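S.K.: Here is a sequence with its predicted model. Questions after.
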Amino acid sequence: SAVISQKPSRDICQRGTSLTIQCQVDSQVTMMFWYRQQPGQSLTLIATANQGSEATYESGFVIDKFPISRPNLTFSTLTVSNMSPEDSSIYLCSVEVGPSDEKLFFGSGTQLSVL
Amino acid sequence: AQKVTQAQTEISVVEKEDVTLDCVYETRDTTYYLFWYKQPPSGELVFLIRRNSFDEQNEISGRYSWNFQKSTSSFNFTITASQVVDSAVYFCALKERTGNQFYFGTGTSLTVIP
């Protein structure tokens, strides 16, 4: 298993500002994933963060809006830039334990509200 | 096309009733993995179970049981003698052997009424 610490747990931000979310894992993992869960919706993958390379973004998400850092095998950050109310969501960091025992473990999430 | 379908948006049951949450998936891979996650009001996603496509044996864990049917591409989740603490949103997910992405259903919100 993996223990994932994510912070902040929640924040209320003003339009036009940026917020950086941190994710710390208790073990070394190759890939870390960032998901967004809009109110009442399912999880949508934003990007996959690999250590030592650029993050891979899914359709509809761009690096300028969601820059990601992955400085080592246990840590990653996601920044939500130039926020608008439409960015109000839960943002979740996750890691996969595998390949022989593939499971996706999640951090506790960051509840973001943009005014 | 939606790879994971959870047709039930919301379910309410009275405590001690049994409840089944449906999940239908779609994939062309012969090897894949199915999951159920629980998201209580606190927001954290809790892993419940993972099944491999080549293992159709049903599984029981306490009050939880899972029925995997490849013939109907379904992976249903039953809670027996439901309790108020079971109130949460439950997500079914699929991971294909090819690729890294997990595909989540839209979730079923379960409310257990005392």
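M.R.: That came through, no problem.
S.K.: how close does A:Leu45 sit to A:Tyr57?
M.R.: 9 Å (CB to CB, to the nearest Å). Using the backbone N, CA and C atoms, a C-beta is placed for each residue, glycine as well.
S.K.: which of these two has more neighbours?
M.R.: A:Leu45 (21 against 17; other CB atoms under 10 Å in any protein chain shown).
S.K.: My read is that that one contacts B:Phe102, right?
M.R.: Yes. A:Leu45 sits in contact with B:Phe102 when judged by CB atoms under 8 Å, with a separation of 7.5 Å.
S.K.: Find the residues that touch each one of the two.
M.R.: A:Phe33 (CB atoms under 8 Å, 6 or more residues apart in numbering or on different chains).
S.K.: can you tell me the helix or strand for the residue nearest to B:Ser42 when sequence neighbours are not counted?
M.R.: Closest residue to B:Ser42 apart from its sequence neighbours, by CB to CB, 6 or more residues apart in numbering or on different chains: A:Ser108 at 7.5 Å. If you go by DSSP states H and E, A:Ser108 is not part of any helix or strand.
S.K.: show me where pLDDT drops low in the chain?
M.R.: Picking chain A for this. A:98-101 (pLDDT under 70).
S.K.: Sorry, I should have been clearer: chain B.
M.R.: Those would be B:1, if you go by pLDDT under 70 across chain B.
S.K.: wait, what's in contact with the closest residue to B:Glu59 other than its chain neighbours?
M.R.: Distances taken as CB to CB, 6+ apart place B:Trp66 nearest to B:Glu59, at 5.0 Å, with adjacent residues excluded. Taking CB under 8 Å, 6+ apart, we find B:Trp66 in contact with B:36, B:49, B:51, B:58-60, B:75-78.
S.K.: again, only using 6 Å
M.R.: Contact partners of B:Trp66, counting by CB atoms under 6 Å, 6 or more residues apart in numbering or on different chains, are B:49, B:59, B:77.
S.K.: wait, the first one sits on B:Trp36?
M.R.: Same thing as B:Ile49. Yes. Applying CB atoms under 6 Å, one finds B:Ile49 in contact with B:Trp36, separated by 5.1 Å.
S.K.: These two - which one has more neighbours?
M.R.: Taking neighbours as other CB under 10 Å, B:Ile49 and B:Trp36 compare with B:Trp36 leading, 22 against 17.
S.K.: distance of the closest residue in space to that one that isn't next to it in sequence from B:Leu21?
M.R.: Closest residue to B:Trp36 apart from its sequence neighbours, by CB to CB, 6+ apart: B:Leu48 at 4.3 Å. B:Leu48 sits 11 Å away from B:Leu21 when distances are taken as CB to CB.
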